[in-house]
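Peer 1: Sharing a model prediction with you, sequence too.
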Amino acid sequence: MKVLYAIQGTGNGHLSRAAEVIPILKNYCNLDVMVSGRQTSIDLPYPVTYQFGGLGFTFGNNGGIDLWETFNEARLLRLKQEYASLPVKQYDLVINDFEPVSAWACQLQKVPCIALSHQSALLEPEVPLLPGQDFLGKFVLKYYAPSYDRIGFHFESYNPRIYTPVIRKGVRMQKPFDKGHFTVYLPAYDPHKLASYLETVKGIKWEIFGRVPSKQQWNNDVSIYPIGNESFTQSMVNSRGVLCGAGFETPAEALFLGKKLLVVPMKGQYEQQSNAFALNQLGVQSISSVKPESIGEIREWTERDDAPQMDYPDQTQQIIKEIFNRFEVVKDSIGVMQGTRSSIHSVSDF
């Protein structure tokens with residue numbers, strides 16, 4: 001059986017999860033890997049068969065997405081050429097982690113595509129979502145990378161289609177320790193601006209990870225490091241707490257390690273706003289932004305003792321088996337749908 005595993009390359013979380021999934025997938029099939037997007041700071045330790053520009057999002061420096069740069073990078077004509085050139089017909093199945101090129105190629109050519117992503121979980125009605133209507137955010141989740149079936153990841157298993165997070169072996173095998181510092185990972189902020197804010201929280205040591213070429217010692221209490229899997233993991237494992245965005249993998253790993261956690265959802269990013277809301281239900285604190293006015297809240301958070309811990313068992317093997325169990329159903333469904341315009345999970349999700 002020939003399978004294409006297509007991965008979103010914006011952010012580090014998708015590639016980090018893929019590094020755990022790929023070796024297990026290889027035991028079940030003849031596997032090729034595809035990545036689209038370039039907003040990442042880590043490398044995938046496996047050969048990549050296809051690398052595309054895709055349709056990603058560009059991080060800004062003030063807590064949100066740089067919409068102008070994202071628009072400039074969109075190049076819709078290139079995107080159309082990419083999904084037209086991707087030979088999905090060569091594959092029996094495409095497993096898709098929120099990757100738009102392969103998703104739309106499968107829709108157009110009626111190739112079985114099963115989503116395996118955190119974003120898939122947000123389409124399930126049992127998942128706690130931010131109150132109110134965000135039509136654009138829901139539209140993106142629904143149509144950015146459509147699929148014929150889906151398996152999701154979230155902080156809790158809200159229904160049988162949702163699994164708890166895939167924790168990296170480099171984190172799972174660690175013994176947490178408290179060396180007194182706080183680890184910071186907020187890629188949508190300028191790390192030097194973060195340092196200028198956090199240095200005002202006296203008596204606290206901060207290890208900030210951001211887009212810098214080498215380690216920078218801001219002052220005695222604040223250090224800035226380039227983003228790297230091993231250095232970041234060691235900082236987080238040995239931290240007293242983690243201040244990070246409201247993405248998925250980093251908060252999940254902090255919860256698994258039992259670290260005090262404060263999340264800052266990206267501005268205008270529906271997925272992160274909803275993640276922060278779900279984390280609030282677990283007792284995790286969130287703030288809207290990092291700025292001089294929020295330093296009081298950050299200081300209070302550093303002084304609190306509560307740190308919820310989650311037990312996330314390794315279910316990766318079970319998840320891969322479920323994907324292949326669903327394959328025949330998806331394949332048969334596509335046969336029934338030939339000549340129609342709808343996919344199983346691209347309509348009526350809300």
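Peer 2: Received it, and whenever you're ready, just let me know what you need.
Peer 1: could you say what helices and strands the host helix or strand of residue 170 packs with?
Peer 2: For residue 170, the host element (DSSP states H and E) is helix 169-172. Contact here means 3 or more Cβ pairs under 8 Å, 6 or more residues apart in numbering; DSSP states H and E; on that basis helix 169-172 packs against helix 229-237, helix 249-257. All C-beta spots, glycine's among them, are computed from the backbone N, C-alpha and C.
Peer 1: among these, which is the most enclosed?
Peer 2: Mean neighbour count (mean count of other Cβ atoms under 10 Å) peaks for helix 249-257 among the helices and strands packed on helix 169-172, with a mean of 25.
Peer 1: Break down the stretch 201-350 of the chain into its strands, ranges please.
Peer 2: Here the stretch 201-350 of the chain has its strands, by DSSP state E, counting those that start in this stretch, at 206-210, 216-217, 222-226, 241-245, 260-264, 285-286.
Peer 1: got CSV for those strands, with mean neighbour count and mean pLDDT too?
Peer 2: Formatted as CSV, these follow (neighbours: other Cβ atoms under 10 Å; pLDDT from 0 to 100):
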stretch, mean neighbour count, mean pLDDT
strand 206-210, 23, 97
strand 216-217, 12, 92
strand 222-226, 20, 96
strand 241-245, 23, 98
strand 260-264, 24, 98
strand 285-286, 18, 97
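Peer 1: want to throw those into a markdown table with distance to residue 46?
Peer 2: A markdown table is the format used below for those (distance: least, Cβ to Cβ, whole Å):
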| stretch | distance to residue 46 |
| --- | --- |
| strand 206-210 | 24 |
| strand 216-217 | 32 |
| strand 222-226 | 22 |
| strand 241-245 | 26 |
| strand 260-264 | 30 |
| strand 285-286 | 34 |
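Peer 1: related to what we said a few turns ago, next structured bit after the helix holding residue 170?
Peer 2: Immediately after helix 169-172, counting by DSSP H and E, sits strand 182-185.
Peer 1: Name the residues of the next helix or strand after that following strand that come out as buried.
Peer 2: The helix or strand immediately downstream of strand 182-185 is helix 191-198, counting by DSSP H and E. Residues of helix 191-198 classed as buried: 191, 193-195, 197-198 (neighbour count, 16 or more other Cβ atoms under 10 Å).
Peer 1: so how many other residues sit close to residue 295?
Peer 2: 15 (other Cβ atoms under 10 Å).
Peer 1: Need the three-state assignment for the residue nearest to it when sequence neighbours are not counted.
Peer 2: Residue nearest to residue 295 in three dimensions, not counting chain neighbours: residue 200, with 5.5 Å by Cβ to Cβ, 6 or more residues apart in numbering. Following DSSP: H, G, I helix; E, B strand; the rest coil, the label given to residue 200 is coil.
Peer 1: Distance of residue 200 relative to residue 115?
Peer 2: Computed as Cβ to Cβ, to the nearest Å, the residue 200 to residue 115 distance reads 43 Å.
Peer 1: between these two, which one's more packed in?
Peer 2: Remark: of residue 200 and residue 115, residue 115 carries more neighbours, 26 against 11, as counted by other Cβ under 10 Å.
Peer 1: what's downstream of the helix or strand harbouring the more buried one, the next helix or strand?
Peer 2: Secondary structure assignment for residue 115, by DSSP H and E: strand 113-117. Following strand 113-117 in sequence order, the next helix or strand is helix 118-121 (DSSP H and E).
Peer 1: In CSV, could you pull the C-alpha coordinates for that next one?
Peer 2: Only the C-alpha atoms of helix 118-121 are listed here, as CSV (Å, rounded to 0.1, in the frame of the first residue of the first chain):
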residue,chain,number,x,y,z
HIS,A,118,-5.4,19.0,16.0
GLN,A,119,-7.5,21.2,13.7
SER,A,120,-9.7,18.2,12.9
ALA,A,121,-10.7,18.0,16.5
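Peer 1: hmm, back to that, turn the buried residues of helix 191-198 into CSV, including distance to residue 182 and pLDDT.
Peer 2: CSV is the format used below for the buried residues of helix 191-198 (distance: Cβ to Cβ, whole Å; pLDDT from 0 to 100):
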residue, distance to residue 182, pLDDT
191, 14, 95
193, 17, 95
194, 12, 97
195, 13, 97
197, 13, 97
198, 8, 97
